[in-house]
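*Asks:* for reference, the sequence and a predicted model appear below.
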Amino acid sequence: MEGGFVGGIVPTRGARVERRVVCMSVSRRDMLKFAIGAAAAVAVPMEALADGATSPATKYRVRGIYGYKIMGAGEDVNSVQGLIDSGSWVELGNLVSSAKKSPGKLRDLEGALQLFKTGYFADSRPKQRVMSSYQSEYVDAVAALEAAAKKKDTTRANRAAAELKNAYDNIIAYAELNPNEFANTEGQAWSSDYDYRRKF
């Protein structure tokens with residue numbers, strides 16, 4: 001069928017195609033305004049969707065990774081007073097060591113506290129400030145313990161141990177961290193590729 005369509009879809013060789021171009025006079029200023037307006041229209045929705053830093057999924061991941069690490073330090077925090085009472089200064093020093101190559105467990109926790117604060121409370125500056133105050137108390141207490149352990153200063157170590165315990169308890173309470181009740185149970189460890197427990 002010349003000039004028609006085969007099956008109503010593909011035009012044959014004889015089909016005619018007409019194209020009309022409408023030209024209009026537009027100044028360079030108008031074109032620039034149009035371009036800026038179009039860019040703004042695209043940027044606004046993109047910014048609204050770019051909530052990865054404060055999305056529930058991101059906060060859940062931060063809480064799962066760093067929250068559990070903070071909770072796991074409870075045993076070491078509680079062991080400090082016993083180390084002081086028994087005069088185990090070497091063990092105490094190792095626990096709070098600031099050595100860059102091999103920092104102590106309680107010293108190493110400072111990084112997790114920082115990442116938890118900026119990640120889990122990313123959408124709340126007031127909550128970050130509260131966490132910062134508790135974090136500073138924790139950091140100061142650990143530093144004081146290291147200094148006391150080096151000098152075997154029992155009085156200073158006892159004071160720092162109490163400050164450490166108080167700061168740690170405040171962090172746990174404010175962040176509402178609880179032990180993982182499923183930690184030692186059998187079953188599925190992760191539910192999707194995006195679960196923070198997914199091992200790559």
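*Replies:* Perfect, thanks for sending it. Values in this document were obtained by computation on a predicted structure and should not be read as measured data. Numbers count the residues shown, from 1 in each chain.
*Asks:* residue contacts, the closest residue to Pro103 other than its chain neighbours?
*Replies:* Nearest in space to Pro103, with sequence neighbours left out and distances taken as Cβ to Cβ, 6 or more residues apart in numbering, is Ser97 at 5.9 Å. Bear in mind the C-beta positions are built from the backbone N, C-alpha and C, glycine included. Shown in contact with Ser97 (Cβ atoms under 8 Å, 6 or more residues apart in numbering): 103-104, 107, 146.
*Asks:* please apply the same query to Val96.
*Replies:* 104, 106-107, 142-143, 145-146, 149.
*Asks:* rerun at 6 Å
*Replies:* 104, 106-107, 142, 145-146 (Cβ atoms under 6 Å, 6 or more residues apart in numbering).
*Asks:* quick one: secondary structure of Pro179?
*Replies:* coil (DSSP: H, G, I helix; E, B strand; the rest coil).
*Asks:* scratch that, Thr155
*Replies:* helix.
*Asks:* any low-confidence regions in this structure?
*Replies:* The chain contains residues with pLDDT under 70 at 1-53, 180-200.
*Asks:* tell me where it has helices.
*Replies:* 28-49, 56-62, 68-72, 74-85, 89-95, 105-120, 125-151, 154-175 (DSSP state H).
*Asks:* using JSON lines, lay out these together with mean neighbour count.
*Replies:* Output for the helices of the chain, formatted as JSON lines (neighbours: other Cβ atoms under 10 Å):
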{"stretch": "helix 28-49", "mean neighbour count": "9"}
{"stretch": "helix 56-62", "mean neighbour count": "15"}
{"stretch": "helix 68-72", "mean neighbour count": "17"}
{"stretch": "helix 74-85", "mean neighbour count": "17"}
{"stretch": "helix 89-95", "mean neighbour count": "19"}
{"stretch": "helix 105-120", "mean neighbour count": "19"}
{"stretch": "helix 125-151", "mean neighbour count": "17"}
{"stretch": "helix 154-175", "mean neighbour count": "18"}
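*Asks:* so what touches stretch 100-108?
*Replies:* Contacts of stretch 100-108 (Cβ under 6 Å, 6+ apart): 76, 94-98, 142.
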